[in-house]
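Colleague: Dropping a prediction and its sequence here:
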Amino acid sequence: MSSIIYIVVPCYNEEAVLHETSSRLAEKMHSLMQAGKISPQSRVMFVNDGSKDRTWEIIEELVAGDNLFQGVKLSRNKGHQNALLAGLMTAKDHCDAAISMDADLQDDINAVDEMIAKFDQGCDIVYGVRSERKTDTFFKKFTAQGYYKLLALMGVDIVYNHADYRLMSRRALQDLESFGEVNLFLRGVVPMIGYRTDKVYYERAERFAGESKYPLKKMLAFAMEGITSLSVKPIRFITTVGFVIFLVSLGMLIYSVVRHFMGATIQGWTSLAVSVWAIGGLQLLAIGVVGEYIGKIYLETKHRPKYIIETYLHRDE
């Protein structure tokens, strides 16, 4: 018996690309159904993350015109990760496995075939991994790959060159639900689930239409979220640096006392100024990093919902 597969697509201001995305996904899903690789009960679920354009109206039209499509509308914008989680948690009670992908058509839809094949072979999680970064600028390629290496250095178990294009079985989704953190970074959380995993390699295309929803500011915020949500090494690094500077300061104290009694005291304005600025900067940096963690603890203790679903549109015919 063929598996019920849901494709979950978070959307934020995607009116420029949504018609083309839905058309390509419909073609792919119907071809898989006709080949007997997935059940006719499989669906495509679009999650509207508080879009300000006609994204939700288009989703309503798609659902009304074809029972292949479903729509989830969040009460307000909650961010890509929470919108994706909302879709996955809604889908898990209706499917055998769910595939998450972005709406911009940069993820190769044809990789779905291999993901499903690996799921049928017993894999609970199948990661879509970029084989190359030909479409990226030098800056984006350099910073992205550097970020993955930095996460690995911080002790974070993350799949290199993987974003959020992945397949997860129902039991993997059920276990994902048990992770209660508010500060969500799925790329780091999903590998913690375990089970049998595999990878599918694909080439990422240019965005079909519209603008990227991750400008530099958001990318930096997302990077900080990933590091501070999954690793405490930044705080340990500050502790180490503080200890080293303390040892250096003891050495400077001994040196100054010895020089004083030798009668070779010098004014040392430059070294004093540099020391004050260096220590002051380090203290501010340390306070900022510790504050970032304290802020996350504050948000976690509130136990606020990660998302609120306003509407779930679907047709059971």
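Modeller: Right, received. Where do you want to start?

Colleague: Just the terminal-to-terminal distance for stretch 27-47.
Modeller: 20 Å (C-alpha to C-alpha, to the nearest Å).

Colleague: which residues are contacting it?
Modeller: 1-11, 18, 22, 25-26, 59, 62, 68-72, 74, 83-84, 86-87, 90-91, 94-96, 103, 109-110, 112-113, 116-117, 314 (C-beta atoms under 8 Å, 6 or more residues apart in numbering). (C-beta placed from N, C-alpha, C; glycine too.)

Colleague: now do 7 Å
Modeller: 2-11, 25, 59, 68-72, 74, 83, 86-87, 90-91, 109, 112, 116 (C-beta atoms under 7 Å, 6 or more residues apart in numbering).

Colleague: ok, so what distance separates the residue nearest to residue 12 when sequence neighbours are not counted from residue 286?
Modeller: Of all residues beyond its chain neighbours, the one nearest residue 12 is residue 49 (4.5 Å), with distances taken as C-beta to C-beta, 6 or more residues apart in numbering. Residue 49 sits 35 Å away from residue 286, taking C-beta to C-beta, to the nearest Å as the criterion.

Colleague: swap in residue 191?
Modeller: Taking C-beta to C-beta, one finds residue 191 at 29 Å from residue 286.

Colleague: same check, this time on residue 174
Modeller: 40 Å.

Colleague: Ok, residue 13 next?
Modeller: 38 Å.

Colleague: the more surrounded of the two?
Modeller: Neighbour tally, residue 13 and residue 286, criterion other C-beta atoms under 10 Å: the higher count belongs to residue 13, 20 against 17.

Colleague: Double-check that that one belongs to a strand.
Modeller: No: checked against DSSP: H, G, I helix; E, B strand; the rest coil, residue 13 lies outside a strand; its state is coil.

Colleague: What does it show for phi and psi?
Modeller: Backbone geometry at residue 13, expressed as degrees, to the nearest 10, gives phi 50, psi 60.

Colleague: just the helices in the stretch 1-150 of the chain please.
Modeller: 15-34, 55-65, 80-91, 111-120, 138-153 (DSSP state H, counting those that start in this stretch).

Colleague: Any chance of those helices in CSV with distance to residue 127, mean pLDDT and mean neighbour count as columns?
Modeller: Rendered in CSV, the data for the helices of the stretch 1-150 of the chain read as follows (distance: least, C-beta to C-beta, whole Å; pLDDT from 0 to 100; neighbours: other C-beta atoms under 10 Å):
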stretch, distance to residue 127, mean pLDDT, mean neighbour count
helix 15-34, 19, 92, 17
helix 55-65, 27, 92, 19
helix 80-91, 15, 91, 23
helix 111-120, 9, 93, 20
helix 138-153, 13, 65, 14
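
Colleague: could you dump these to a markdown table with distance to residue 240?
Modeller: Below are the helices of the stretch 1-150 of the chain laid out as a markdown table (distance: least, C-beta to C-beta, whole Å):
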| stretch | distance to residue 240 |
| --- | --- |
| helix 15-34 | 47 |
| helix 55-65 | 47 |
| helix 80-91 | 31 |
| helix 111-120 | 42 |
| helix 138-153 | 14 |
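
Colleague: so which of these gets nearest residue 196?
Modeller: helix 111-120 (9.3 Å; C-beta to C-beta).

Colleague: what inclination does that closest one have with respect to helix 15-34?
Modeller: Calculated by axes from the mean of the first three to the mean of the last three C-alpha atoms, to 10 degrees, helix 111-120 forms an angle of 50 degrees with helix 15-34.

Colleague: helices and strands around helix 111-120, which ones?
Modeller: The criterion is 3 or more C-beta pairs under 7 Å, 6 or more residues apart in numbering; DSSP states H and E, and the helices and strands that helix 111-120 contacts are strand 97-100, strand 125-130, strand 162-169, strand 197-202.

Colleague: Need the contact partners of the first one.
Modeller: Put plainly, it is strand 97-100. 3, 5-8, 84, 88, 91-92, 112, 115, 119, 164-170, 173.

Colleague: which of the residues in that strand are buried?
Modeller: Burial within strand 97-100, assessed by neighbour count using 16 or more other C-beta atoms under 10 Å, is assigned to 97, 98, 99, 100.

Colleague: Direction included, what does it pair against?
Modeller: strand 5-11 (parallel), strand 162-169 (antiparallel) (DSSP bridges).

Colleague: Give me the angle between the shortest one and helix 80-91.
Modeller: What separates the directions of strand 5-11 and helix 80-91 is an angle of 150 degrees, with the same axes, to 10 degrees.

Colleague: Next, the angle helix 55-65 makes with strand 5-11.
Modeller: Using the same axes, to 10 degrees: strand 5-11 against helix 55-65 is 150 degrees.
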